[in-house]
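Novice: Sequence unavailable; structure follows:
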């Protein structure tokens, strides 16, 4: 891995260059957001596991999305909180690259998981009579394993190329966590291949899935408009609106960061955009699904009356 050329043993995350008072304020605010992220996604997982009415492919994928969101937030937010409280704290070279690797795995997996969820909605609305025969539990598990496998392999390729680079200084990462492009700027070698691979991976996990989702929802919209009753159309739209909100938030910010033009003057803005992507998206997802989904809201009310959700959490 080019270890004989790598003299750097630790990195320093620049984070957000703010006054100590503002950093303390953000620490408290982001800690609350982080707690809500864990609580909200934990509630979604608890509801789906406890309520038999939610034991369907749609909620199976939603539970996996909640799992990825928890892992996604746990990988980046704690380090950011530490830096806000103690900006001079270093992160080891191995720890930094491990964080990068995990971030890539979770981000890629979520990209493909959202595609699987859109396919589930397509089958449910466009092929309702064949839904139970198409979306079997075996198919759901295969789709889930495929999402994680492809996400892991894409992350592994980028990580191997990153490990082959020598790092001999500087040690300051201009980000609040060990983000791929920020790490590449510190390498003491040509990183053109790495940047091409990052762009190619971005196109593969962002443009490809977005195109597939657009096609799915094109068919869904066509099918919904053919429904005669207004109540039927509203019910069909309600099952898709939550997923569309999450898709818009997730892919919108990700495509700006990794598929758009990489200009030096926009790096600081993209750092704040990735903050939204890493902290707010995982927190908003359970709110979107619980507030806009009648079945989840009803399951939550049932469990709160019985009190077993609180015991589980």
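Specialist: That came in fine, so what should we check first? None of the values given here were measured: they were computed from a predicted structure.
Novice: Which elements pack onto whichever helix in the chain runs longest?
Specialist: When the chain is parsed with DSSP state H, its longest helix is helix 93-126. When contacts are defined as 3 or more CB pairs under 8 Å, 6 or more residues apart in numbering; DSSP states H and E, helix 93-126 packs onto strand 10-13, helix 57-85, helix 131-134, helix 137-163, helix 180-184, helix 208-225, helix 230-258. All C-beta atoms are positioned from the backbone trio N, CA, C, and that covers glycine.
Novice: Helix, strand, or coil at the residue lying farthest from the centre of the chain?
Specialist: Relative to the centre of the chain, the most outlying C-alpha is that of residue 228, 36.8 Å out, by CA atoms, centre = their mean. Assigned with DSSP: H, G, I helix; E, B strand; the rest coil, residue 228 falls in the coil class.
Novice: before we move on, the earlier item: just give me how far the longest helix of the chain sits from the chain centre.
Specialist: Here the centre of helix 93-126 is set off from its chain's centre by 6 Å, with CA atoms, centre = their mean, to the nearest Å.
Novice: Starting from residue 85, give me the distance back to residue 151.
Specialist: 31 Å (CB to CB, to the nearest Å).
Novice: Looking at these two, which is more packed in?
Specialist: residue 151 (22 against 13; other CB atoms under 10 Å).
Novice: gap between that one and residue 304?
Specialist: Per CB to CB, residue 151 is found 35 Å from residue 304.
Novice: swap in residue 17?
Specialist: For residue 17 relative to residue 304 (CB to CB), the value is 44 Å.
Novice: that older thread, indicate which one of the helices and strands packed on helix 93-126 is closest to residue 297.
Specialist: helix 230-258 (11.1 Å; CB to CB).
Novice: what comes up buried for that closest one?
Specialist: Neighbour-count burial for helix 230-258, with 16 or more other CB atoms under 10 Å as criterion, is recorded at 236, 239-240, 242-247, 249-251, 253-254, 256-258.
Novice: And stretch 198-211, by the same measure?
Specialist: By neighbour count, with 16+ other CB under 10 Å as the criterion, the buried positions of stretch 198-211 are 198, 201-202, 205-206, 209-210.
Novice: Which two among the residues you listed are spaced furthest apart?
Specialist: Largest pairwise distance in the buried residues of stretch 198-211, by CB to CB, is 17.5 Å, between 198 and 210.
Novice: if I look at the nearest residue to residue 165 once chain neighbours are set aside, how far off is residue 15?
Specialist: Spatial nearest neighbour of residue 165, excluding adjacent residues (CB to CB, 6 or more residues apart in numbering): residue 187 at 4.1 Å. As judged by CB to CB, residue 187 and residue 15 stand 21 Å apart.
Novice: So the two - more neighbours on which side?
Specialist: When neighbours are counted by other CB under 10 Å, residue 187 and residue 15 differ, and residue 15 comes out ahead with 21 against 18.
Novice: from what I can see residue 106 touches residue 74, true?
Specialist: No - using CB atoms under 8 Å, residue 106 is not in contact with residue 74, being 9.4 Å away.
Novice: Neighbour count for these two, which is higher?
Specialist: residue 106 (25 against 16).
Novice: Leaving out chain neighbours, which residue sits closest to the more buried one?
Specialist: Leaving out its chain neighbours, the residue that sits closest to residue 106 by CB to CB, 6+ apart is residue 72, at 4.4 Å.
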